[in-house]
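Enquirer: mind folding the following:
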Amino acid sequence: GCGLPFTFDGDHQLTLPRETPLANAAFWAARKGNLALLQLLLNSGRVDVDCRDSLGTTALMVASHYGHIECVRELVLQGADINLQRESGTTALFFAAQQGHNAVVRFLFEFGASTEFRTKDGGTALLAACQYGHTRVVETLLKHGANIHDQLCDGATALFLAAQGGYLDVIRLLLSSGAKVNQPRQDGTAPLWIASQMGHSEIVRVMLLRGAERDATRNDGTTALLKAANKGYHDVIEELLKFSPALGLLKNGTSALHAAVLGGNVKAVALLLEAGADPSLRNKVHFGVSRACKNVPVKTLNIVSSMLLLNSF
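Expert: Below you'll find the predicted structure:
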């Protein structure tokens, strides 16, 4: 048997328990990039090139994960099956893409790697590359027919994952390759919303210019502006305000101004008031903006109060 040289956690990352060098020498060589040892083992005829551990890991997957192109080449030329999947559904291509090894990705494509395989949570090589911001790998995958509209089981797209991670170059590439800017996750979260929540103002700007719906609401009724106001991301708020988002009460009965006050974000409050938000708004529990200040630090409260006064004349 191959023993149990490697395990992967739920996020498809490679973790390395204690090696057993004799039984797992091929895996060890693949991990370390020790080509001479790998050749010796494969040429001995005593190691199956597609030997798998209890989770279905192969030496090719390990070499691909660590970016050892010479070991990858040796394994493939010795007949390794490029498209084998681990129990979780991951392939050699998935690991090379996830780790950003573009040379390995390109080599695997030369020998027939498929972009179609999915992990149990719906992950693909393209989704993994976007989640970790590997622009050149994304480019290679798209060139070889990866589906730009791939989605995880929760509905997250390549664009969504890149927006979440803050990878501007990947965002630009995906948008110019036909990604849908407004495609939400199953819970209604759009790429613009997640970029706003994470404070990625440059991505927010690019997506708005490419037609992102400024007032798209999540299933809980919150918008990108409300989220940015609550978190106090001034740069994001400024980008969103250029596109005249809704400043009044949302369908869920609250507003961005309430969120900014509750978050204690003075500058966010100022930006929203300057943009024309109504300080006399009451949310659905008849909670005026001034009353929302109850749990806000006194210093913040004083500044907000003077702003509200200035605005009311």
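
Enquirer: which elements pack onto the helix or strand containing residue 258?
Expert: Using DSSP states H and E, residue 258 sits within helix 256-262. Helix 256-262 is packed against helix 224-231, helix 266-274, helix 289-292, with contacts defined by 3 or more CB pairs under 8 Å, 6 or more residues apart in numbering; DSSP states H and E. Quick note: C-beta positions are derived from backbone N, CA and C, even for glycine.

Enquirer: so which of those is nearest residue 253?
Expert: helix 224-231 (11.5 Å; CB to CB).

Enquirer: now the closest one against helix 266-274, angle please.
Expert: 140 degrees (axes from the mean of the first three to the mean of the last three CA atoms, to 10 degrees).

Enquirer: what does helix 224-231 contact?
Expert: Here helix 224-231 makes contact (CB atoms under 8 Å, 6 or more residues apart in numbering) with 190, 192-193, 195-197, 199, 204, 214-216, 236-237, 240-241, 245-247, 250, 254-257, 259-260, 262-263, 265, 268, 272.

Enquirer: average pLDDT for the helix holding residue 258?
Expert: Taken as a whole, helix 256-262 has a mean pLDDT of 93.

Enquirer: check which residues of that helix are buried.
Expert: For helix 256-262, burial by neighbour count (16 or more other CB atoms under 10 Å) applies to 256, 257, 258, 259, 260, 261, 262.

Enquirer: and for stretch 213-224?
Expert: 213, 214, 216, 217, 218, 222, 223, 224.

Enquirer: before we move on, the earlier item: using PDB, write out the CA atom coordinates for the helix holding residue 258.
Expert: Below are the C-alpha coordinates for helix 256-262, written out as PDB (Å, rounded to 0.1, in the frame of the first residue of the first chain):
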ATOM      1  CA  ALA A 256     -27.000  53.300   5.500                       C
ATOM      2  CA  LEU A 257     -27.000  56.400   7.800                       C
ATOM      3  CA  HIS A 258     -28.400  54.300  10.700                       C
ATOM      4  CA  ALA A 259     -25.700  51.700  10.000                       C
ATOM      5  CA  ALA A 260     -22.900  54.400  10.000                       C
ATOM      6  CA  VAL A 261     -24.200  55.900  13.300                       C
ATOM      7  CA  LEU A 262     -24.500  52.500  15.000                       C
END
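
Enquirer: need the pLDDT of the most centrally placed residue in the chain.
Expert: For the chain, the residue nearest the mean C-alpha position is residue 161 (2.7 Å; CA atoms, centre = their mean). pLDDT for residue 161: 98.
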